[in-house]
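Colleague: Sequence and predicted structure below; questions after.
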Amino acid sequence: MAICKGCGKRILWIRSTGGRPIPCDPEPIPYKRGAGGRDRIVTPGGAVLAGTFTGDPDEADSYGYRSHWSTCSRADKFRAGRPQTLPHD
């Protein structure tokens, strides 16, 4: 298991369907697919789906992972050198 260089927590790397690595929190979470779901779920096969993470496995469609970018306390450290989009007036 890898360690995040920003926050020091464990991460699981999942290769996206497009071939890019996605850092994820290592604990699988039950989720329910559906339009209107605000969560982004990374499947073990690397697809990124819209849905809702649920705490109830009986209501879940499957298990997936949460992107570590959404939980990392130091995610901004990795965005520092990238151009930022400014809001329009």
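Modeller: Perfect, I can see it now. Numbers count the residues shown, from 1 in each chain.
Colleague: so the residue nearest to residue 28 when sequence neighbours are not counted, which of the three states?
Modeller: The shortest distance from residue 28 to any residue that is not its chain neighbour, by CB to CB, 6 or more residues apart in numbering, is 4.1 Å, and that residue is residue 63. No exception for glycine: its C-beta is placed from N, CA and C like everyone else's. Secondary structure, DSSP: H, G, I helix; E, B strand; the rest coil: residue 63 is strand.
Colleague: which residues sit in contact with residue 63?
Modeller: Neighbour list for residue 63: 28, 29, 30, 31, 44 [criterion: CB atoms under 8 Å, 6 or more residues apart in numbering].
Colleague: next one: residue 72
Modeller: With contacts defined as CB under 8 Å, 6+ apart, residue 72 is in contact with 4, 6, 7, 9, 23.
Colleague: That one: which element?
Modeller: Assignment of secondary structure by DSSP states H and E places residue 72 within no helix or strand.
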